[in-house]
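A.B. asks: task: produce atomic coordinates for the following.
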Amino acid sequence: MQPTPDAPLQTRVVDDKSPIIIPWILSRIAEYRKQHLDETNPRPFIVGLNGVQGVGKTTLVRALAQTLQEREGLPTLVASIDDFYLTHAGQLALAAAHPDNALVQHRGEPGTHDIPLLTTFLDALQSNAHPVPIPQYDKSAFSGLGDRAPPSTWPFTSPANPPRVLILEGWCVGFRPLEPADLSSRWSAGSSSRTLHKHKLEHLQLVNERLADYDRVINGALDAFVHIDAEDIEYVYAWRAEQEAQLRREKGSGMTEEQVVRFVDAYYPAYELYTDGVRRGVFEGVPGRQGCQLRVVVGRNRAVVESIVI
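C.D. replies: Here you go, the predicted structure:
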């Protein structure tokens with residue numbers, strides 16, 4: 001499927017997801033509160049949210065946070081996995097340590113995030129040790145290569161009104177590593193995939209190994225998980241192309257068609273490897289977690305076609 005970034009936009013992000021997702025999240029929060037009735041100051045309820053690029057995740061997260069905070073009276077903090085990328089120096093060191101591995105030459109893939117920083121952040125929130133500094137990442141630094149913003153500029157949670165809900169969103173939130181044999185098998189069949197055949201097995205193995213920490217730290221902390229899925233993951237190319245076409249019309253600059261393809265190709269191996277696992281459920285095999293994931297499937301026009309509780 002080839003994107004057509006210069007074609008008129010035929011799909012707009014319409015938020016038909018919130019009416020499905022918000023009641024479900026509220027039901028999970030109500031269940032959580034029942035389990036913590038004896039606690040005077042329970043830790044925040046943590047929701048993971050995964051959505052492919054261009055699916056309308058930003059619109060959805062904004063609506064979720066506003067509804068939970070204003071209508072339900074639940075102070076809500078939104079954090080993005082993007083704000084936990086390695087520093088510029090850390091990314092350069094990672095790239096230098098694996099110079100022939102294209103997957104880690106730039107930020108994006110699992111392995112390019114600072115998991116110890118994320119661990120510290122989540123631990124502080126869950127211990128109610130407010131104020132908690134909220135890391136920020138500046139994607140414009142170093143001519144777009146990006147760098148962590150100075151800690152002196154980070155905002156803090158409020159000791160007087162600490163978050164009762166955390167929404168942790170990101171394109172790879174919920175990914176779980178594959179067994180080595182499964183990874184090898186998928187790579188061996190890579191000629192039928194879009195991007196796996198472009199990478200050496202050991203390069204994919206590096207990402208897969210690093211992903212184990214994401215699974216432990218992120219998925220292990222979640223109380224609920226929302227997966228905005230696509231009927232066809234390759235829609236991400238066209239969706240991203242439409243976003244860039246909109247930027248060109250509004251701001252006079254944006255990625256070309258070729259740049260869009262290269263950009264999404266850098267992320268796509270992880271989509272090919274780990275989407276099936278997210279669809280099966282990030283809590284698969286975890287006792288007592290039945291019903292804690294909501295999968296919302298959208299079509300090419302980003303409209304919801306079905307929702308499934310897992």
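
A.B. asks: this protein: strands as residue ranges?
C.D. replies: Remark: strands assigned in the chain by DSSP state E are 45-51, 76-80, 137-138, 147-148, 165-169, 224-230, 293-298, 304-309.

A.B. asks: the fourth one pairs with which strands?
C.D. replies: Sheet partners assigned to strand 147-148 using DSSP bridges are listed as strand 137-138 (antiparallel).

A.B. asks: so how far is the strand it pairs with off the chain centroid?
C.D. replies: Relative to the centre of its chain, strand 137-138 is centred 16 Å away, using C-alpha atoms, centre = their mean, to the nearest Å.

A.B. asks: neighbours of Trp24, just the number please.
C.D. replies: By other C-beta atoms under 10 Å, the residues close to Trp24 number 17. C-beta: built from backbone N, CA, C; applies to glycine.

A.B. asks: Gly285 too?
C.D. replies: 7.

A.B. asks: likewise for Tyr268?
C.D. replies: 22.

A.B. asks: any idea how far it is from Val261?
C.D. replies: The gap separating Tyr268 from Val261 is 10 Å, by C-beta to C-beta, to the nearest Å.

A.B. asks: just Pro162 next, same as before
C.D. replies: 43 Å.

A.B. asks: nearest to Arg107, out of the strands of the chain?
C.D. replies: strand 137-138 (8.6 Å; C-beta to C-beta).

A.B. asks: ok, residues contacting stretch 89-103?
C.D. replies: Contact with stretch 89-103 is made by 85-86, 104-107, 109, 111-112, 114, 145-146, 198-200, 203-204, 206-207, 266, 269, as judged by C-beta atoms under 8 Å, 6 or more residues apart in numbering.

A.B. asks: 6 Å - rerun?
C.D. replies: Val104, Gln105, Arg107, Glu109, His203, Val207 (C-beta atoms under 6 Å, 6 or more residues apart in numbering).

A.B. asks: tell me which of the residues you listed fall in helices.
C.D. replies: His203, Val207 (DSSP state H).

A.B. asks: now the contacts of stretch 89-103 in a markdown table, with neighbour count, distance to Ser185 and pLDDT?
C.D. replies: Converted to a markdown table, the contacts of stretch 89-103 look like this (neighbours: other C-beta atoms under 10 Å; distance: C-beta to C-beta, whole Å; pLDDT from 0 to 100):
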| residue | neighbour count | distance to Ser185 | pLDDT |
| --- | --- | --- | --- |
| Val104 | 22 | 23 | 96 |
| Gln105 | 18 | 26 | 95 |
| Arg107 | 22 | 29 | 94 |
| Glu109 | 23 | 20 | 94 |
| His203 | 19 | 16 | 98 |
| Val207 | 24 | 16 | 97 |
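
A.B. asks: out of the contacts of stretch 89-103, who's nearest Lys251?
C.D. replies: Once C-beta to C-beta is applied, the member of these that ends up nearest Lys251 is Arg107, at 22.5 Å.

A.B. asks: now do the contacts for the closest residue to the closest one other than its chain neighbours.
C.D. replies: Nearest non-adjacent residue to Arg107, counting by C-beta to C-beta, 6 or more residues apart in numbering: Tyr85, 4.7 Å away. When contacts are counted by C-beta under 6 Å, 6+ apart, Tyr85 touches Arg107, His113, Tyr137.

A.B. asks: turn the residues you listed into TSV, including distance to Ser191.
C.D. replies: Below are the contacts of Tyr85 laid out as TSV (distance: C-beta to C-beta, whole Å):
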residue	distance to Ser191
Arg107	28
His113	30
Tyr137	36
